[in-house]
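Asks: Next one to model:
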Amino acid sequence: MTDRAGGSSRLAILLAMAMFVLVVDTSLMNVSISAVVHDLDTTASGVQSAIALEALVSAAFILIGSKIGDLIGRKRAYVLGLLAYAAGALAMAVSQSLTPIIIFWAIIGGLGASLLLPAMQSLIHGNFEGPAQKKAYALVGAAAAIAAAVGPLLGGFITTYLSWRVGFLLEDVIIGVVLLNIKLVKDVPFTGPRQIDIVGAILSVLGMGGIVLGILVWEEGGGAVGALLAVGVVGLGSLFWWLRRRKREGKPALVDPELFKAKLFTFGVSGQMLQQIALGGMMIALPIYLQMVFEYNAMQAGLSLAPLSLSMFGVALVAAKRAVKRRPSSLIRAGFGLVSIGVAVLIPIVPRASSGWYLVLPLIVAGTGLGLLVSQLNNYTLSPISEERVSEAAGVNSAGGSFGLSFGLAFAGAIMLSTLSLTFTNMAEASSVLTPAQQQHVAHVLEHDAEVMSNSQLEELLAGQPQAVQDEIVGINTDARHIALQIALAVPLLAALLGLANSFRMMRLPDPKPSEAVEGMVLG
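Replies: A predicted model of the protein is given here:
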């Protein structure tokens, strides 16, 4: 009995370690943007595109990944997911250009996450029972929350005093420890229908992929943006039609459309997606602001972002335990309201701040709001779902959140660069210092390669130019960059305001009933 209990405890710790790596990975990348740009001689927009692409791949394939795990075995899917994630981390550690990072970290690593998350959910459910199962869910959830809270600080410390490559190597070490103990994992057989809805799978990838890829191509100045966005819209519309048709015909579908007849579920998934759009927009705008405007190193950027992550962690922990007497919908409304206030206060601060200290209060306000949302949205969304369908519903909820995160990352980044290009060009054309030839050159360069750049980087590029020209372009860069970052922060603000409007509709619905089926389901 003691050995079995010890084995179960070790397994729960190993699952928590895997979850920690999944969550801390993106935080490490975010606070290391400037270091990665410098070491790989690439651009900030290229790195942020890789970050958004990783989230997109995970979102687009997570529903398919769940079904693949059903067919090949949850343990095998778990191992394949870990190996894919390890390959992505190793690519980050050894790559000398951005291309391997896009292939291995963003695409293969994203596919690994789409296999890993659903498999982990099933393995916890099948390897633990009763109180041990609740403890395992709590431990894995705590690992995710701690990783989100300390990720910017940990990533900043490693990047500044060692190297961002060391951080990703440490991820591989953790994954190696987990895989060496894989014998502790008991596979969980799948007893449901084994048919694959191939058409639904393709449409889901085309729908989510077309929209976010269209935005990423727009961000990089590529063509066919309208075609990609059209593919995304048509793909999502066709997916909803196809799912209803499969349901009418009594055939297995990628997702049961009956789930969306539960209003709590529909509003909850919408809220989850809007929360992640807001978080994604802040995750891309704030690190770039800190590293390119203040020219902070990764440690300084991590410390500056700590009020957001730590307040989110602390409030989520407290609200989950002590807010039982409050209506979940009212807490969700308060959460979106606080995020809206925090981001709205940040926007006018951007051009006036001279250090990260100016951001502390609005980041605490926004983090408090995010903490309230994290503590309530998951259980609110899954509360009306029966136990036999809660795993499928959690997958839909997770896919919606991942899509929102990738959309927020991509859209805020694209808006930032397009605003920078337009504003810089207009300011250059209005300049009395720059000659017409210089103005035309600026417009030509920005049309093809708009980039958020620190003043130090720009001064290096302008070496040899007359001092008046250098001062004028650096001044234009400073002003245009502030406007671009303010516009980028409008993305999370708009998402939070839409979430606030959505929460008022939630208030008109009856409160969800506590459900043992979703207790502890931190992975949805």
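Asks: how's the protein carved up into domains?
Replies: 1-185, 198-253, 420-482 (automatic domain parsing).
Asks: ranking those by burial, who's on top?
Replies: Most buried of the domains of the chain by mean neighbour count (mean count of other C-beta atoms under 10 Å) is domain 1-185; its value is a mean of 21. Where you see a C-beta, it was placed from the backbone N, CA and C, and this is true even at glycine.
Asks: what's the offset of that one from the middle of its chain?
Replies: Remark: domain 1-185 is offset 13 Å from the chain centroid, using C-alpha atoms, centre = their mean, to the nearest Å.
Asks: rewinding a little: Leu382 is nearest to which of the domains of the chain?
Replies: Ranking the domains of the chain by proximity to Leu382 (C-beta to C-beta) places domain 1-185 first, at 11.8 Å.
Asks: ranking the domains of the chain by mean pLDDT, which is last?
Replies: With a mean of 75, domain 420-482 has the lowest mean pLDDT of the domains of the chain.
Asks: which residues in the stretch 151-300 of the chain form helices?
Replies: Applying DSSP state H, counting those that start in this stretch to the stretch 151-300 of the chain gives helices spanning 164-180, 198-219, 225-248, 263-288, 298-322.
Asks: okay, those helices in a markdown table with distance to Glu129 next?
Replies: Shown next, in a markdown table, are the helices of the stretch 151-300 of the chain (distance: least, C-beta to C-beta, whole Å):
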| stretch | distance to Glu129 |
| --- | --- |
| helix 164-180 | 22 |
| helix 198-219 | 32 |
| helix 225-248 | 33 |
| helix 263-288 | 27 |
| helix 298-322 | 23 |
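Asks: low pLDDT regions in the stretch 301-450 of the chain?
Replies: The stretch 301-450 of the chain contains residues with pLDDT under 70 at 320-324, 387-388, 441-450.
Asks: redo that, cut-off 90
Replies: 301-302, 305-306, 309-310, 312-329, 350-356, 371, 374-450 (pLDDT under 90).
Asks: re the thing from before, right, and the helices of the stretch 151-300 of the chain - which one's nearest Leu373?
Replies: helix 263-288 (4.8 Å).
Asks: Packing partners of the closest one?
Replies: helix 2-31, helix 44-72, helix 298-322, helix 328-349, helix 360-382, helix 390-429, helix 467-507 (3 or more C-beta pairs under 8 Å, 6 or more residues apart in numbering; DSSP states H and E).
Asks: Give the other helices and strands that the second one contacts.
Replies: In this structure, helix 44-72 packs against helix 2-31, helix 33-40, helix 74-94, helix 98-100, helix 109-127, helix 198-219, helix 263-288, helix 390-429, with contacts taken as 3+ C-beta pairs under 8 Å, 6+ apart.
Asks: how many degrees apart are it and helix 74-94 in direction?
Replies: 160 degrees (axes from the mean of the first three to the mean of the last three C-alpha atoms, to 10 degrees).
Asks: just the fourth one next, same as before
Replies: With the same axes, to 10 degrees as the criterion, the two stretches helix 328-349 and helix 74-94 enclose an angle of 10 degrees.
Asks: Renumber starting at 38 from here on
Replies: Sure, I'll start numbering at 38, so the last one becomes helix 365-386.
Asks: what distance separates helix 365-386 from the centre of its chain?
Replies: Put simply, helix 365-386 sits 19 Å off its chain's centre (C-alpha atoms, centre = their mean).
Asks: Pull out the buried positions in that helix.
Replies: Buried residues in helix 365-386, defined by neighbour count with 16 or more other C-beta atoms under 10 Å: 365-381, 383-384.
Asks: Skip the chain neighbours and tell me the closest residue to Tyr395.
Replies: Counting by C-beta to C-beta, 6 or more residues apart in numbering, Tyr395 lies nearest to Ile386, which is 5.4 Å off, once chain neighbours are set aside.
Asks: which residues does the one you found contact?
Replies: 395-396, 399 (C-beta atoms under 8 Å, 6 or more residues apart in numbering).
Asks: Generate the ChimeraX command that creates a selection of the buried members of those.
Replies: Buried residues within the contacts of Ile386, by 16+ other C-beta under 10 Å, are selected in ChimeraX with:
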select :396,399
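Asks: measure Asp62 to Gly149 for me?
Replies: Remark: distance between Asp62 and Gly149 (C-beta to C-beta, to the nearest Å) = 10 Å.
Asks: okay, and the common contacts of these two?
Replies: Tyr122.
Asks: export the contacts of Ile386 to a markdown table and tack on distance to Asp209?
Replies: Below are those laid out as a markdown table (distance: C-beta to C-beta, whole Å):
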| residue | distance to Asp209 |
| --- | --- |
| Tyr395 | 38 |
| Leu396 | 33 |
| Pro399 | 36 |
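Asks: tell me the contacts of Arg285?
Replies: No contacts exist for Arg285 under C-beta under 8 Å, 6+ apart.
Asks: can you check Ile140 too?
Replies: Per C-beta under 8 Å, 6+ apart, neighbours of Ile140: Ala128.
Asks: Kindly indicate whether it is helix, strand or coil.
Replies: helix (DSSP: H, G, I helix; E, B strand; the rest coil).
Asks: My guess is Met349 contacts Leu409. True?
Replies: No: contact status for Met349 versus Leu409: not in contact, 9.1 Å apart, counting by C-beta atoms under 8 Å.
Asks: more neighbours, these two?
Replies: Neighbours were counted for Met349 and for Leu409 using other C-beta atoms under 10 Å; Leu409 has more, 29 against 26.
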